[in-house]
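S.K.: Turn this into a model:
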Amino acid sequence: LAVSLLLVAGLAAWNVGSVHSQDNRSLRWNRYDVTINNFDTSANRFDVTESYVLAIETGPFSFGFAEIPMDRLERITNVIVYQDGTPLNATCSGARGTFCATGIEDYSIRYYFRRPAESGDRVNIDIRYTVHGALRSYEDGDQLYWVAVPGDRAFPIMESIVRVELPHGVAPEVTASYPDTWRETISGSVIIWEAPGRLGANDSVEVRVQYPHNPVMEEPGWQAGYDRTVWYEENVQPIVSLVLIVLTLLAGIGGVLLVVTRYLSHGRDPSAVVVPEYLNEPPSDDPPGVIGVLLDERADMKDIMGTMMDLARRGHFVIEQTESGGVFGMFTSTDFIFHRADDATDDLLPYEETLMRGLFPRKRKETSLSDLRNKFYEHIGAIHEQMYRELVKRGYYTRSPQTTRNMWLFGGIGLLLLAGGAFWVGMMLTFISPFMWVPAFGIGLVGVAAMAASSAMPAKTPKGAQEAARWNAFRRYLSNIERYADLEQVT
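M.R.: This is a model prediction of the structure:
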């Protein structure tokens, strides 16, 4: 059970609020010593002195600051800052030779040097203050936990000593440093920890001292809540974290396996009954648009063009190529004119009717390709959708292939959005467990798998698989026509 008080010291240049990354100035702490003494255990009060010996390597520097979190204490009083043994004036004017102590959540102490510290200067700073309500009260022994040297620093520390002076006659019962590499010596009521060597910018130390319980000292107001938090972190949080990791694995691995299983059971086409290697004539009278979508499971412009040629073959319109303009036979422009042969639509499928309306709007008898260039695209979506419906109507699919793809694609996108929301919420709930955000990755993995598998999920019916196999056999014949038959016989 710990009380943590973090003191962060920083230095910056005159007229500059902070030291930026491109700033080449530097310094080091030749010494960074901390003394904790003048304990009044009945009143839950003690004094702290931070003593720095600053060696300016590349200046100038003009002020420094310390920030003390207030969540593990009740208040701070009697702040005094010394430079080279002389106290600075307590005022928030920002003038040289002054310091300002303010804050609610974090207690900030900002001090301004009497003159800018230049390269090669040595500056001695002492910060002294009284801390109230930072000791914890327990029947088996009161405790002090103290982060004496913070880890969030920009520059190194060459030497450091932390000294705790308990009241005369009070012997420490338990002492420790975190990390435990600091050398500890105890002499009566005085405990001293000495740094193992140079401390890097992220090296820190927290010291602990437990001493006999003083029943007169009242428990600080924050202690009960902190004790509950520590108990939760030590006893419940590991279980919650384990559950979250297990749920992530179940969601991620199980979800991906579910996608794979769904593909293997419903996404693959059924095996067709034995079909010859090739067929030398069309296996059915299905129109080109239906055949194209059946074979590649996608309605596209190739299927629309095939349908147009089939409609022209069946006599619904005539295509005429025209040329205009030009000089001496050069620079001519070519266009195609569509002449509607009749108004009969009895033999037209729904998507063919839509295509005809797109070619001949408002029942026109004649139109040109140039006239359709910026108009016909409005009908393409409807034509594709009706092609898919025609395949379902003929029993080749139980559901439109595009609908199946979209279900899996948008389902995967939805899972990714859910994962993003879960990650954001989890990051805000890390006080429950540092792994609160982890399940988002499992959800996101399933979403990626669903999106990746979406194009493979449409599956034909047994009838559709058989028909596709037969048309593939005919396509092989056309692709290898010289191999299968004499060209003259074919023609």
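S.K.: in the stretch 51-200 of the chain, which spans are strands?
M.R.: Taking DSSP state E, counting those that start in this stretch as the test, the strands found in the stretch 51-200 of the chain are 61-69, 75-83, 86-87, 89-90, 98-102, 106-117, 122-132, 142-149, 161-165, 174-178, 183-187, 190-194.
S.K.: Which of those has the highest mean neighbour count?
M.R.: Per residue and on average, the most neighbours among the strands of the stretch 51-200 of the chain fall to strand 142-149, with a mean of 23 (mean count of other Cβ atoms under 10 Å). C-beta coordinates here come from the backbone N, C-alpha and C atoms, glycine included.
S.K.: For it, which helices and strands make contact with it?
M.R.: In terms of contacts (3 or more Cβ pairs under 8 Å, 6 or more residues apart in numbering; DSSP states H and E), strand 142-149 is packed against strand 26-40, strand 161-165, strand 205-211.
S.K.: right, and the strands of the stretch 51-200 of the chain - which one's nearest residue 336?
M.R.: Evaluated over those, closeness to residue 336 peaks at strand 106-117, with 77.3 Å, by Cβ to Cβ.
S.K.: Sheet partners, orientation included, of the closest one?
M.R.: When sheet partners are counted by DSSP bridges, strand 106-117 sits next to strand 61-69 (antiparallel), strand 98-102 (antiparallel).
S.K.: With distance to residue 323 added, can I get the helices and strands packed on strand 142-149 in a markdown table?
M.R.: Converted to a markdown table, the helices and strands packed on strand 142-149 look like this (distance: least, Cβ to Cβ, whole Å):
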| stretch | distance to residue 323 |
| --- | --- |
| strand 26-40 | 80 |
| strand 161-165 | 96 |
| strand 205-211 | 90 |
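S.K.: so which of those comes closest to residue 124?
M.R.: Using Cβ to Cβ, the nearest of the helices and strands packed on strand 142-149 to residue 124 is strand 26-40, at 8.9 Å.
S.K.: With just CA atoms, put the closest one into CSV.
M.R.: Written as CSV, here are the backbone C-alpha positions of strand 26-40 (Å, rounded to 0.1, in the frame of the first residue of the first chain):
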residue,chain,number,x,y,z
SER,A,26,21.5,21.3,-22.0
LEU,A,27,22.4,20.9,-18.3
ARG,A,28,22.9,18.2,-15.7
TRP,A,29,22.2,17.8,-12.1
ASN,A,30,25.5,17.3,-10.4
ARG,A,31,23.5,16.6,-7.3
TYR,A,32,19.8,15.9,-6.6
ASP,A,33,19.3,15.3,-2.9
VAL,A,34,16.1,15.0,-1.0
THR,A,35,15.6,15.3,2.8
ILE,A,36,12.3,14.4,4.5
ASN,A,37,12.3,15.4,8.2
ASN,A,38,10.4,17.3,11.0
PHE,A,39,7.8,14.7,11.2
ASP,A,40,4.7,15.5,13.3
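S.K.: Now render the strands paired with strand 106-117 as TSV, adding mean pLDDT and distance to residue 352.
M.R.: Below are those laid out as TSV (pLDDT from 0 to 100; distance: least, Cβ to Cβ, whole Å):
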stretch	mean pLDDT	distance to residue 352
strand 61-69	88	76
strand 98-102	95	81
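S.K.: wait, which of these is closest to residue 463?
M.R.: With Cβ to Cβ, the closest approach to residue 463 among the strands paired with strand 106-117 belongs to strand 61-69: 72.6 Å.
S.K.: Tell me which of the helices and strands packed on strand 142-149 is the most buried.
M.R.: strand 205-211 (a mean of 22).
S.K.: just checking, what packs against that one?
M.R.: Judged by 3+ Cβ pairs under 8 Å, 6+ apart, strand 205-211 is in contact with strand 142-149, strand 161-165, strand 174-178, strand 190-194.
S.K.: Distance from the chain centre to the third one, please.
M.R.: When you say that, I think you mean strand 174-178. 39 Å (Cα atoms, centre = their mean, to the nearest Å).
S.K.: quick check: angle from it to strand 190-194?
M.R.: Angle, strand 174-178 to strand 190-194, by axes from the mean of the first three to the mean of the last three Cα atoms, to 10 degrees: 20 degrees.
S.K.: that older thread, need the helices and strands packed on strand 142-149 in CSV (columns: distance to residue 245 and mean pLDDT).
M.R.: Compiled in CSV, these are given as follows (distance: least, Cβ to Cβ, whole Å; pLDDT from 0 to 100):
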stretch, distance to residue 245, mean pLDDT
strand 26-40, 39, 96
strand 161-165, 38, 98
strand 205-211, 29, 96
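S.K.: can you pull out the helices in this structure?
M.R.: In the chain, the segments counted as helices under DSSP state H are 223-235, 237-249, 255-262, 288-296, 301-313, 350-359, 369-372, 380-393, 401-428, 439-453, 462-479, 481-484, 487-490.
S.K.: Adding mean neighbour count, mean pLDDT and distance to residue 198, write those helices out as a markdown table.
M.R.: As requested, these are exported to a markdown table (neighbours: other Cβ atoms under 10 Å; pLDDT from 0 to 100; distance: least, Cβ to Cβ, whole Å):
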| stretch | mean neighbour count | mean pLDDT | distance to residue 198 |
| --- | --- | --- | --- |
| helix 223-235 | 12 | 94 | 32 |
| helix 237-249 | 14 | 95 | 35 |
| helix 255-262 | 16 | 93 | 49 |
| helix 288-296 | 21 | 94 | 69 |
| helix 301-313 | 16 | 93 | 71 |
| helix 350-359 | 20 | 93 | 79 |
| helix 369-372 | 15 | 85 | 80 |
| helix 380-393 | 19 | 95 | 71 |
| helix 401-428 | 16 | 95 | 35 |
| helix 439-453 | 21 | 95 | 39 |
| helix 462-479 | 18 | 91 | 74 |
| helix 481-484 | 12 | 73 | 82 |
| helix 487-490 | 8 | 47 | 89 |
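S.K.: Export these to JSON lines and append columns for distance to residue 30.
M.R.: Below are the helices of the chain laid out as JSON lines (distance: least, Cβ to Cβ, whole Å):
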{"stretch": "helix 223-235", "distance to residue 30": "36"}
{"stretch": "helix 237-249", "distance to residue 30": "41"}
{"stretch": "helix 255-262", "distance to residue 30": "58"}
{"stretch": "helix 288-296", "distance to residue 30": "76"}
{"stretch": "helix 301-313", "distance to residue 30": "78"}
{"stretch": "helix 350-359", "distance to residue 30": "85"}
{"stretch": "helix 369-372", "distance to residue 30": "85"}
{"stretch": "helix 380-393", "distance to residue 30": "76"}
{"stretch": "helix 401-428", "distance to residue 30": "40"}
{"stretch": "helix 439-453", "distance to residue 30": "47"}
{"stretch": "helix 462-479", "distance to residue 30": "82"}
{"stretch": "helix 481-484", "distance to residue 30": "90"}
{"stretch": "helix 487-490", "distance to residue 30": "97"}
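S.K.: what's the spacing between residue 197 and residue 34?
M.R.: 17 Å (Cβ to Cβ, to the nearest Å).
S.K.: Just tell me which of the strands of the stretch 51-200 of the chain ends up closest to residue 482.
M.R.: Of all these, strand 174-178 sits nearest to residue 482, with 84.0 Å by Cβ to Cβ.
S.K.: who does the closest one touch, helix- and strand-wise?
M.R.: strand 183-187, strand 205-211.
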